[in-house]
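Participant: build me a model from this:
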Amino acid sequence: MSTTAAQGTGTDLNQKQRRILAHLREHVGDQTYFKSRLIAEELDMTAKEVGANMTAICDGEFDVDVEKWGYSSGTTWMVTE
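Facilitator: Have a look, this model is predicted:
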């Protein structure tokens, strides 16, 4: 596998998905769990937009792993490096 594929450049992602992925990459060292509504606030999106676009990130091969974790008070995502 090439280095580019291992790092997951995200070239097949749309603009919102790339913004979400960049946000997760930036903050994964500080925290593990992310709520859609909090990501949405940071990126000037709605929680629904974040949730709808997370599927592509979850299904893709990137340098962070994203898993839908919980639904209490909105969707929570577990993100690991």
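
Participant: where does the prediction get shaky in this protein?
Facilitator: Filtered on pLDDT under 70, the chain yields the residue ranges 1-11.

Participant: any idea which residue sits dead centre in it?
Facilitator: Leu21 (4.5 Å; Cα atoms, centre = their mean).

Participant: now it: which helix or strand?
Facilitator: helix 15-27 (DSSP states H and E).

Participant: in this protein, which spans are strands?
Facilitator: 33-35, 65-70, 76-80 (DSSP state E).

Participant: which other helices and strands contact the shortest one?
Facilitator: What it means is strand 33-35. Packing contacts for strand 33-35, counted by 3 or more Cβ pairs under 8 Å, 6 or more residues apart in numbering; DSSP states H and E, involve strand 76-80. Backbone N, C-alpha and C define where each C-beta goes, glycine included.

Participant: redo that, cut-off 10 Å
Facilitator: Strand 33-35 is packed against helix 15-27, helix 47-59, strand 65-70, strand 76-80, with contacts defined by 3 or more Cβ pairs under 10 Å, 6 or more residues apart in numbering; DSSP states H and E.

Participant: just checking, Leu24 touches Ser36?
Facilitator: No. Using Cβ atoms under 10 Å, Leu24 is not in contact with Ser36, being 11.7 Å away.

Participant: between those two, which contacts overlap?
Facilitator: Counting by Cβ atoms under 10 Å, 6 or more residues apart in numbering, the contacts common to Leu24 and Ser36 are Met54, Trp77.

Participant: just to revisit the earlier point, who are the packing partners of the helix holding Leu21?
Facilitator: strand 33-35, helix 36-43, helix 47-59, strand 65-70, strand 76-80.
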